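Q: Got a sequence here, can you build the structure:
(4 chains)
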Amino acid sequence: MTPAERLNHPAASPPLVDVRGVVMDYPGVRALDRVSFDLARGEIHALMGENGAGKSTLVKILAGRQRPTAGTIRLGGTEIRPASTRHAEAHGVSTVFQEIDLVPTLSVADNICLGREPTRLGLVRRPRLRARAAAALRRLGIAIDLDRTVEELPTAIQQLVAISRALDCDARVLVLDEPTSSLDASETGTLFEALRRLREQGLGIVFVTHFIEQVYAIADRITVLRNGARVGCWTTAALSREALVSAMTGRRLEAVHRGPAAAPEREPIGAPAAHAPPALAARDLGRRRSIHPVSLHVSCGEALGLAGLLGSGRTELARLLFGADAPDTGRVEVEGRPLPVGSVRAAIAAGVAMTPEDRKSQGLLLDFSVRENIVLALQSRRGPLHPLPRAEQDRLAAHYIEALAIAAPGPDTPVGQLSGGNQQKVLLARWLAVQPVVLILDEPTRGIDVGARAEIERLILDLRARGMAIVLISSELDEIVRLCDRALVLRDRTAAGALAGEALDESAVLAMVAAAPASASIANRTVDEDAG
Amino acid sequence: MRALLASRNLPSLAAAAILAVLVVAGSVRFEHFASVGNLSNLLGDYAFVAIAAVGATFVILAGGIDLSVGSMVAFTAMLAAWLVDRGWHPLATVPVCLAIGAALGAAMGGLIHAFALPAFIVTLAGMFALRAATFLLHDQPLGIVHPFLSWMSRDAAVPLGGAALPARAVLMLAVVALGAIVAGRTRFGRRVYALGGSPRSAEAMGVSVGTTTVAVYALAGACAALAGVVFASAKRAGDPTALVGLELTVIAAVVIGGTLLSGGVGSVGGTLLGVLILGVIRLLIDFQGNLNAAWTSVATGVLLLAFAGLQRALAGLGGWADRGTGGAARIEPRLPR
Amino acid sequence: MATPAGQRSWHASPAVWPVLGIVSLVLLNALFDKLLPGGPGLFGPGAFLRLSMRDGVPAGALVDILNYGGAIAILALGMTPVIATRGVDLSVGSVMALAGAVAASLVVADVPSIAALATALAVGAACGLCNGVLVSFGGVQPFVVTLVLMVAGRGVAQLVTGSQITTFHDPLLEFVGLGRPAWLPLPMPFILATAMLGATVLALRRTALGLFTEAVGSNPEAAALVGVRSRLLVAAAYVFCGLCAALAGLIAMANIKGADPFNAGRNAELAAIFAVVVGGTSLAGGRMCLLGAFAGAFLLQALTTTMYARNIGADVAPLPQALAILAVCIVGSPPVAAMLGRRRKRTP
Amino acid sequence: MRRCRPGRPLPAFLRATVIAGALSALALAVACSKQPGGDAPPANKRLVVGFSQIGAESGWRTANTKSIKDEAEKRGVDLRFSDAQGDQENQVRALRSFIQQQVDVIAVAPKTEEGWQEVLEEAQRAGIPVILTDRLVRVDDDSLYVTFIGSDFVEEGRRAGQWLADQTGGTAVIAELQGTPGAAPTIDRKKGFEEIVARHPGMTIVKSQSGNFERSKGKEVCEAFMRSPEGPQITALYAHNDDMALGAIQAIAAAGRRPGEDVLVVSIDGVRDAFQAMLDGTLNCTVECNPLLGPQLFDTIEAVRRGERVPKRILTTEGVYDRSQVTAETLASRQY
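A: This is a model prediction of the structure:
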């Protein structure tokens, strides 16, 4: 124990949750190495760390999805060994995972109570069930129609429903795995409101997140993990942002500017470059319920970052640029020539490429080989009747496996068997093979390990240097800062501003992202969505 | 009221409306169409179909499909007839048939879950195997004579405004009501909906996928077995050639009743509507009295198509607008496994 | 080879299971012939393995399998891309009956036989187009769409022939089913099926159509995001399936020199789906194996021929068929495959 | 979690429009389907007959249907015709609907013998006489139907067997092509034939397998017969219907034996194609099973209406046709 920890440990009562020396071994990997962690009653405890730090593993162990190789978990002083989600819930530990586990076709009330419906003589007592669901929602301070099916609700509300479900089973401990990743600022506000309320009710909350500012907004204490080991535990007040970031990254950061982020340089976004037409330009590109009209341009050899929280409209904007969705307003030009609206094929033909955010569900064909995944886009552009000769396919596959250092047993290995980082590289290779003018990358480094991430970042820099126009979407602000020449910051589905050159740093982006607190309540939002 | 009008109920509401239109049109068009006698005939004649369809509804709600229904009904009907022929009391055959039907259903559900096989294939195999088993039991129609059965058909009927509602119709209504309660008001029912809505989420939310799958197919087997007993008692015979293709009728009834083949959405009550719609269409064809077989097939097909189109339009014309402009083609949900 | 040949070792191809099934059935029959008292022995008259020459054409049980399996194989080839795109076509049996009815009626009405054949194939393709458009552009579930045509199509076939078996005498039409070309003394259905296999493999594997079809079935969203014309491909799969069904219908018709609108293609959809699934194409879409479907069709026919040879009644014959379906599917199922894979890894 | 959802629900008015449009179209379709003479309370009280047909599974059946429909039209009878599409349940439903429609007489060609007790009792209670055609039913009490017009499948089997016995002097190695397993004609035609075979020690059935009443299956199964160890000894083929025999003839020829000469072929039904085959010399004999029951049926119906007593069993005029009797004229006179 570090002195800081000892100092900050609330000694008055035994901790609500006390995790001691937990080890988790996967074949060949030690995901957690003697990690300890404690949670007090009425506390919000942030669990932080970069990808691969072991946060998810720890969450899974708490949730009962996995049993640790070694170590103990005590709940209120007695040891528990949760063997399943239900088992953990029976102990009062409820977990809400990032991928929201709700049944889309069932109503809100049914989802909240699924599997533990109040019954009498075997029959579900509907009034009782609805009352319980309403009560669970009330604890979060939200009001939604209990009879709506979940698939009709926006993701943020689904998230809250999932939390309500977790609360419904007399939870004493609530574990939230990146609950805000798909929420916008106002929704995050509502969630925090709800979490504070729960904290007052004496719940212990484990809050896993990437968002530093959110941690400072709500957490009482912070535990940082790195590479499967615990770095330390601090009270929020006692830990500066710089210290937190260096704890997470293991590097000393000299330049996390904390200066006044006011008056970022406002570059005219829509203005075309002086000489040649930009590689990609969009004017007033917008789509109802998706993103307000935005203008932007990227030139060859330039990287434009689209910064903003998840749900800020960055993915939606990327899809509009790529023609995956049709805009209601505006148009897209590639090298000065306008693209037909809403046609992926036209965009590809003009030299636009996009790696989607969710590479498993939208990008890769998991049961297909590395080679097939790599040639797919090129083949699609050539049309089905002009197949790439097998030798050419092999050459391409071999080339990119080597060039991108894809760690695969061979070009015929199914992509599903590769690690996340290598899958991402395959996806990149697919688009590099078509030699695009513009490459749109939506979260290219999400969920991949540090090493692969560094490689992909190097690759992006390299592509930029070789004259490709790059549009980069990333939740990692440092990535935007490091890789991009300019950044367009999105907030609440609107362009909040742009940053370039010296002005582009993390704090400036953050300031812009967090600039205007939204006031509309979520209940109102729902109604708005409905009317739209 | 709002809940009733929710979009997921629309197909069932459309089914109810179409049933009403068919009945009204038939009454206007044909003498003697709107009669209590026709109603009780309809309920009686389709009793076994509806009972089997209740089971099939659960399977489809859970995202599966059961092609073995026709063979299962024929098999259990033959089993009941065979037992009665050997001196059993007809009522005594009921538990035996139900148990065997449930066990066979559970076996299919078990195979589907344990080996991650497509339900289509497993129940197709069940369809073949049970048909053969029926022939092995008795290779030609087997008539049965039992005073109880005579009593059932002559006297065990509920008077209903000048006509008599046969006992099997009452049984069918009871099974539908029970099915509706199980689907809507029990934990098991909620699990079935959850499984069909999203197997992954359901599992994550603590629904035991294996147990539920097995239970659903067992329930379908039991329903088909009950339908078989009802069939045997109404016909006073078992017939190894009977009911080939019943599975398609049953699936059509379930779908017309508003249950989505992709699972998770629908209702048992809707299924009864679906059965009645098929019955009324048949009745209209009989009253019309001049369609030959070829035109009957064509007419049935066209009506099915109209129905599917209507439901599709109701379920997502808004979606169509999106699809029209959106580049990302959305392929229909996969065939239920 | 149907799937990318080079990289898969032979035992990894799903086609191996139906082929093994055929081989073991043939061996089983030979064993019975040999061991049963009073049996014909391995190659005696009436033995399963016996091949006799008749008019310069080989005949025997094995040839029968090739002959009668041909139509099912063509159906299965058509069904494979449909299933690979997560669809299913229940209407193939009715399309068979309809195509046969059209061709026979035209020939009887003195239309040149080549035109009759072409019209029948066009009718099949048109049926497929209806299915395909409703599925891919209309967004109606394949099961429902094709069920409609399954019900209605047979009615139309009966209307076409006036609810009669239309008997005809036409050398070209008969050749489709009964021909034994001098240069290749094998049953015409088998030759046609093999040619269709070759053509399909060429069309799907020598172009990128196969890859795109599989991509659409494997991950529709990803396919759309690389610019694959998913809807067109799905519609095309149904058109191809309709075309294959029409060809199979012509074979069935030619085989008896008459178009039987009542019985032609009855339960053909089940046979075709069986063949496809046994051949290693998942009903959930994605990867397809044309050779597997082809072999699966002949496995089914081998089962039927065995049933005749062993004098198993048609009433109980479905039982061994059902068991065979289950056995093949279980052996190829993901859990068992994973188990086998693990074992193979352990003992390389 | 995220599902491919077709989209948002429709705006309410659009929904209403779609529903209303579809419903009115349906109503219109049903209302417009008026058939000439279909309804309308008749001025001079036409005879109303309900006829339930099995389906249209063969040309024979089509001829049967046509005969009845034509005759009804000729006599100005209001015929309510119901096609059961091969499903006996539909037949039972049709009978019940006839009872509801209060037809004067019900005629039915039952698919199977079993399963008629209840509905026939209902008809009796409603006072509607029932006439069976084509096939008999098994009921507790034969007063439930007035009469049965049609052939006796067992007798047909006997006739086929008898012809073969006469022709061969009681020595034959026979292969049998059965109909659909479990179907009434299959069971009875097999039974009748076997009765005759049992009487002749020289006749043996060495092969018997179902050809499902289909021409293609008949051919395929017969090929297997010809190829089997017993194949070369087979001297006669008995098929439960003509269609299978016609398929089998092709198989016999393909096996290098002469149908009609080396292998005698006898079958049942007497369809037109069978006569053609007899003319060609490939089929030896067909036992007629006359589908043209229309005139006889309506004669009987009218007799019943007049209150006359009719015999419980009315045999149709059916012959046994040997190929020696068949000429081009006989063929030309065949209507089906």
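
Q: Tell me who's in contact with D:Asp152.
A: Contact partners of D:Asp152, counting by CB atoms under 8 Å, 6 or more residues apart in numbering or on different chains, are D:136, D:188, D:315. Bear in mind the C-beta positions are built from the backbone N, C-alpha and C, glycine included.

Q: Buried ones among these?
A: Under a neighbour-count criterion of 16 or more other CB atoms under 10 Å in any protein chain shown, the subset of the contacts of D:Asp152 counted as buried comprises D:136, D:188.

Q: Need the contacts of D:Asp152 in TSV (columns: secondary structure, distance to chain C and pLDDT).
A: Shown next, in TSV, are the contacts of D:Asp152 (DSSP: H, G, I helix; E, B strand; the rest coil; distance: CB to the nearest CB, whole Å; pLDDT from 0 to 100):
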residue	secondary structure	distance to chain C	pLDDT
D:Leu136	coil	23	84
D:Asp188	helix	16	91
D:Leu315	strand	27	80
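
Q: Out of the contacts of D:Asp152, the closest to C:Arg231 would be?
A: Using CB to CB, the shortest approach to C:Arg231 within these belongs to D:Asp188, at 54.5 Å.

Q: right, and that closest one touches D:Phe153 too?
A: Yes: using CB atoms under 8 Å, D:Asp188 is in contact with D:Phe153, at 3.3 Å.

Q: Including distance to A:Leu418, could the contacts of D:Asp152 go into JSON lines?
A: Shown next, in JSON lines, are the contacts of D:Asp152 (distance: CB to CB, whole Å):
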{"residue": "D:Leu136", "distance to A:Leu418": "71"}
{"residue": "D:Asp188", "distance to A:Leu418": "68"}
{"residue": "D:Leu315", "distance to A:Leu418": "80"}
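
Q: Which of the contacts of D:Asp152 sits closest to chain A?
A: Compare each of the contacts of D:Asp152 with chain A using CB to the nearest CB and the shortest gap goes to D:Leu136, at 50.8 Å.

Q: Could I get the contacting residues of the closest one?
A: Contacts here follow CB under 8 Å, 6+ apart; on that basis D:Leu136 touches D:110, D:113, D:148, D:150, D:152.

Q: Okay, and which of these map to strands?
A: Taking DSSP state E, the ones among these that sit in strands are D:148, D:150.

Q: returning to that earlier point: I'd like to know which of the contacts of D:Asp152 is nearest to chain B.
A: Nearest to chain B, judged by CB to the nearest CB, of the contacts of D:Asp152 is D:Asp188 at 9.9 Å.

Q: residue contacts, residue 204?
A: In the absence of a named chain, chain A is used. Taking CB under 8 Å, 6+ apart as the criterion, A:Gly204 is in contact with A:16-17, A:39-43, A:45, A:172-174.

Q: The intended chain is chain C.
A: Taking CB under 8 Å, 6+ apart as the contact definition, C:Leu204 lies against C:81, C:210, C:213, C:290.

Q: again, only this time at 10 Å
A: Taking CB atoms under 10 Å, 6 or more residues apart in numbering or on different chains as the criterion, C:Leu204 is in contact with A:384, C:2, C:77, C:80-81, C:84, C:210-214, C:240, C:288, C:290.

Q: how about residue 17, what does it touch?
A: Assuming you mean chain A. Taking CB under 10 Å, 6+ apart as the definition of contact, the neighbours of A:Val17 are A:37-41, A:43, A:45, A:62, A:73-76, A:80, A:91-93, A:172-173, A:175, A:204, A:206.

Q: Chain C is the one I meant
A: The neighbours of C:Trp17, taking CB under 10 Å, 6+ apart as the test, are C:11, C:278-280, C:292, C:295-296, C:299, C:327-329, C:331-332.

Q: Most neighbours among those, which one?
A: Among those, C:Gly296 has the most neighbours (other CB atoms under 10 Å in any protein chain shown), with 36 neighbours.

Q: I figured that residue was touching C:Ile72, is that so?
A: Yes: under the criterion of CB atoms under 10 Å, C:Gly296 is in contact with C:Ile72, at a separation of 8.6 Å.

Q: and for these two, which residues touch both?
A: By CB under 10 Å, 6+ apart, C:Gly296 and C:Ile72 have these common neighbours: C:271-272, C:274-275.

Q: Can you lay out the residues you listed as TSV showing pLDDT and secondary structure?
A: Conversion of those to TSV gives the following (pLDDT from 0 to 100; DSSP: H, G, I helix; E, B strand; the rest coil):
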residue	pLDDT	secondary structure
C:Ala271	90	helix
C:Ala272	94	helix
C:Phe274	86	helix
C:Ala275	91	helix
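
Q: tell me which of those is nearest to A:Ile401?
A: For A:Ile401, the nearest member of the shared contacts of C:Gly296 and C:Ile72 is C:Ala275. The distance, counting by CB to CB, is 36.9 Å.

Q: what sits against the closest one?
A: C:18, C:69, C:72-73, C:75-77, C:79-80, C:281, C:292-301.

Q: now do 8 Å
A: Each residue near C:Ala275 by CB under 8 Å, 6+ apart is listed here: C:18, C:72-73, C:75-76, C:79, C:293-294, C:296-297, C:299-300.

Q: What of A:Gly308?
A: Residues touching A:Gly308, when contacts are defined by CB under 8 Å, 6+ apart, comprise A:314, A:489-491, A:496, A:513.
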